[in-house]
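Undergrad: can you look at this prediction? I've put the sequence above it.
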Amino acid sequence: MARYRGPLSKIARRFGEPIFGPDKALERKNYPPGQHGFSRKRGKKSEYAVQLSEKQKAKYTYGILEKQFRNLFEKANRAKGITGEILLQLCETRLDNVVYRLGIAPTRRAARQLVGHRHIEVNGEVINIPSYHLKPGDVISIREKSKSLEGINLTKGTKMDWLEWNSATASGRLLNVPQREQIPENIKEQLIVELYSK
């Protein structure tokens, strides 16, 4: 399988940021993974290395593989507006990410699994494609049969301005496409655009 199945702490330590959520390992060992950690005698990172690192960080954060990420970039490049901002908006409006942002699942990986196992409905229809692109006005809910599952959180709402959570019906709504300042991820999207534009 192409998807990364290894330790997430190692990836978070590589970027020096808790990209998968709070991580005790990152607090204890705040240096890069590997036998030598900080003592590796490496010179200043090249421009390409910085751009590549930023792209890898975005891919790991959203759990997207290279080909799919490249396709998202092509789509963002064709659209009118700032390419980097549109790329992040496309990542944020994926079904698995919105399920995570609504607080239904504790992580993006868990959200992806819920979607893949047919526990999530969009506008009353079961969707099992994690990369499904949501549009403003779409209603995301938990299947009636799945509401009793252990891993699903029905009470905790969202803190995002562009999403709305209704505890009574255990459903959320995508109010609008998020603007760059509404996306909390620490990603320098301009570096990704520069990398792909070479």
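TA: Received, thanks.
Undergrad: leaving out sequence neighbours, find the closest residue to the residue positioned nearest the centre of the chain.
TA: Nearest to the mean C-alpha position of the chain, by C-alpha atoms, centre = their mean, lies Tyr62 at 2.7 Å. If the residues on either side of it in the chain are set aside, Tyr62 comes closest to Cys91, at 4.7 Å by C-beta to C-beta, 6 or more residues apart in numbering. Every residue, glycine included, has its C-beta placed from N, CA and C.
Undergrad: just checking, that neighbour touches Tyr60?
TA: No. Look at Cys91 against Tyr60 with C-beta atoms under 8 Å: they stay out of range, at 11.8 Å.
Undergrad: who has more neighbours, the two?
TA: Neighbour totals were compared for Cys91 and Tyr60, and Cys91 leads with 23 against 18 (other C-beta atoms under 10 Å).
Undergrad: what strand or helix carries that one?
TA: helix 83-92 (DSSP states H and E).
Undergrad: and the helix or strand bottoming out on mean pLDDT in the chain, which residues are buried?
TA: Ranked by mean pLDDT, DSSP states H and E, the weakest helix or strand in the chain is helix 24-28, scoring a mean of 82. Residues of helix 24-28 classed as buried by neighbour count (16 or more other C-beta atoms under 10 Å): Leu26.
Undergrad: in the next helix or strand after that helix, what's buried?
TA: Using DSSP H and E, the helix or strand that follows helix 24-28 in sequence is helix 47-62. For helix 47-62, the neighbour count (16+ other C-beta under 10 Å) marks 51, 53-62 as buried.
Undergrad: using CSV, write down the CA coordinates of the following helix or strand past helix 47-62.
TA: Using DSSP H and E, the helix or strand that follows helix 47-62 in sequence is helix 66-78. Presented in CSV, the C-alpha positions along helix 66-78 are these (Å, rounded to 0.1, in the frame of the first residue of the first chain):
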residue,chain,number,x,y,z
GLU,A,66,1.6,12.8,-4.5
LYS,A,67,-0.5,12.1,-7.7
GLN,A,68,-3.7,13.3,-6.0
PHE,A,69,-2.0,16.4,-4.6
ARG,A,70,-0.6,17.2,-8.0
ASN,A,71,-4.1,17.0,-9.5
LEU,A,72,-5.4,19.3,-6.8
PHE,A,73,-2.6,21.8,-7.7
GLU,A,74,-3.5,21.6,-11.5
LYS,A,75,-7.2,22.2,-10.6
ALA,A,76,-6.2,25.2,-8.4
ASN,A,77,-3.9,26.5,-11.1
ARG,A,78,-6.7,26.5,-13.7
